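> Sequence and predicted structure, then a few things I'm wondering about:
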Amino acid sequence: MNSFVAACVAALVLAVGTAYVLSSIQVPADKAFATQGVRL
């Protein structure tokens, strides 16, 4: 039972960490695809 709880906690920590890293890397569309002649 302890190993199951530890695995759940590890999965939760990995999910939260991955979500934080991916959200910090991701660039919004208005900045990623904006050029000199584009008005958004």
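Perfect, thanks for sending it. Numbers count the residues shown, from 1 in each chain.
> and the helix ranked longest in the chain, how far out from the chain's middle?
Longest helix in the chain, counting residues (DSSP state H): helix 2-25. With CA atoms, centre = their mean, to the nearest Å as the basis, helix 2-25 stands 11 Å off its chain's centre.
> immediately after it, which helix or strand?
helix 29-32 (DSSP states H and E).
> Show the low-confidence segments of the chain, by residue range.
Confidence mapping of the chain against pLDDT under 70 gives the ranges 38-40.
> Export stretch 22-32 to PDB, keeping only CA atoms.
The C-alpha trace of stretch 22-32 is given here as PDB (Å, rounded to 0.1, in the frame of the first residue of the first chain):
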ATOM      1  CA  LEU A  22       5.600  23.500 -20.600                       C
ATOM      2  CA  SER A  23       3.600  26.600 -19.700                       C
ATOM      3  CA  SER A  24       6.800  28.600 -19.200                       C
ATOM      4  CA  ILE A  25       8.200  27.400 -22.600                       C
ATOM      5  CA  GLN A  26       5.000  28.000 -24.600                       C
ATOM      6  CA  VAL A  27       4.800  31.300 -26.500                       C
ATOM      7  CA  PRO A  28       1.300  32.900 -27.100                       C
ATOM      8  CA  ALA A  29       0.100  32.900 -30.700                       C
ATOM      9  CA  ASP A  30       0.000  36.600 -31.000                       C
ATOM     10  CA  LYS A  31       3.700  36.800 -30.200                       C
ATOM     11  CA  ALA A  32       4.800  33.600 -32.000                       C
END
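> Can you point out the buried residues in it?
For stretch 22-32, a neighbour-count test (16 or more other CB atoms under 10 Å) marks nothing as buried. Every residue, glycine included, has its C-beta placed from N, CA and C.
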